[in-house]
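Visitor: Sequence unavailable; structure follows:
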């Protein structure tokens, strides 16, 4: 990927200033249309479950769908008849904005993974807003625990890369069993933070439960991947 073709050519750290400010989008919801659906991670889905007051299977009926990506069955946002995000209200505003997915918090930034870490780049061709003003990336992401979120993103990224490498080595039957197990452990099984009463989502509680599940998944799958049994960094 040539960053100079899609960005300003710079790579940013979380405390850098970047031209992201757009006055709360000023009524624009262009980035919520024609996306073909956004891939979601476990934190995204837990937050959506909390915001919508639905379990995973109920969300699959309308708001989410499952797709095969690199041999894994993973959820993504479903577009409605307008080819828009199902969570847009009649005024074109996000109805789950406080608990929106990570990719929505990130936009128009992207992540550039390198040397087992990532930095940010500004997508200059994606957002229709012009004359954006500078904001600190940490503030733009709107994550109370930005460092904890960074570690979580890297943990999930490493796990997906490992599965991308290992799943093709399995038989069709074993691969189907493993992908079903991963889907159950990280998405189907409810998270306490998504079911807790009240409007707030306890991210710290989610991380605790997520890492516990990651440990169990790692232990369960280690006989299939003996050379990958060591703990994942950041997990």
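Guide: Thanks, I have the structure now. For clarity, every value in this text was computed on a predicted model and none was experimentally measured.
Visitor: From now on I want contacts and neighbour counts done on CA atoms only, so please keep to that.
Guide: Fine.
Visitor: The chain: strands as residue ranges?
Guide: For the chain, strands defined by DSSP state E occupy the ranges 17-21, 64-69, 72-77, 109-113, 118-122, 133-136.
Visitor: Please report how far residue 29 lies from residue 161.
Guide: Plainly put, residue 29 is 32 Å away from residue 161 if you go by CA to CA, to the nearest Å.
Visitor: Between these two, point out the one with more neighbours.
Guide: residue 29 (17 against 11; other CA atoms under 10 Å).
Visitor: residues contacting the more buried one?
Guide: Going by CA atoms under 8 Å, 6 or more residues apart in numbering, residue 29 touches 92-93.
Visitor: Now do it, the pLDDT please.
Guide: Looking at residue 29, its pLDDT reads 78.
Visitor: Tell me the spacing between it and residue 43.
Guide: Taken as CA to CA, the span from residue 29 to residue 43 is 23 Å.
Visitor: Please apply the same query to residue 156.
Guide: In terms of CA to CA, residue 156 sits 10 Å off from residue 43.
Visitor: More neighbours: these two, which one.
Guide: residue 43 (24 against 20).
Visitor: quick one: that one and residue 204 touch, right?
Guide: No: between residue 43 and residue 204 there is no contact under CA atoms under 8 Å: 11.0 Å.
Visitor: what are the ranges of the helices in this structure?
Guide: With DSSP state H as the criterion, the chain has helices at 3-6, 42-52, 56-60, 102-106, 137-141, 146-166, 172-183, 192-195, 203-221.
Visitor: Name the residues that touch the third one?
Guide: Applying CA under 8 Å, 6+ apart, the set of residues contacting helix 56-60 from outside is 45, 49, 66, 187-188, 190.
Visitor: what's the most distant pair in those?
Guide: Spatially, the most separated pair among the contacts of helix 56-60 is 66 and 190, at 16.9 Å (CA to CA).
Visitor: Could I get the contacts of helix 56-60 in a markdown table, plus columns for pLDDT?
Guide: Output for the contacts of helix 56-60, formatted as a markdown table (pLDDT from 0 to 100):
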| residue | pLDDT |
| --- | --- |
| 45 | 97 |
| 49 | 95 |
| 66 | 95 |
| 187 | 97 |
| 188 | 96 |
| 190 | 92 |
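Visitor: And the average pLDDT for stretch 225-235 is what?
Guide: For stretch 225-235, the mean pLDDT works out to 50.
Visitor: Was I right to think residue 141 contacts residue 108?
Guide: No: using CA under 8 Å, residue 141 and residue 108 do not qualify as a contacting pair, with a distance of 10.7 Å.
Visitor: State the pLDDT value of the residue nearest to residue 109 when sequence neighbours are not counted.
Guide: Setting aside the residues directly before and after it, residue 109 is nearest to residue 122 in space (CA to CA, 6 or more residues apart in numbering), at 4.6 Å. We have a pLDDT of 93 for residue 122.
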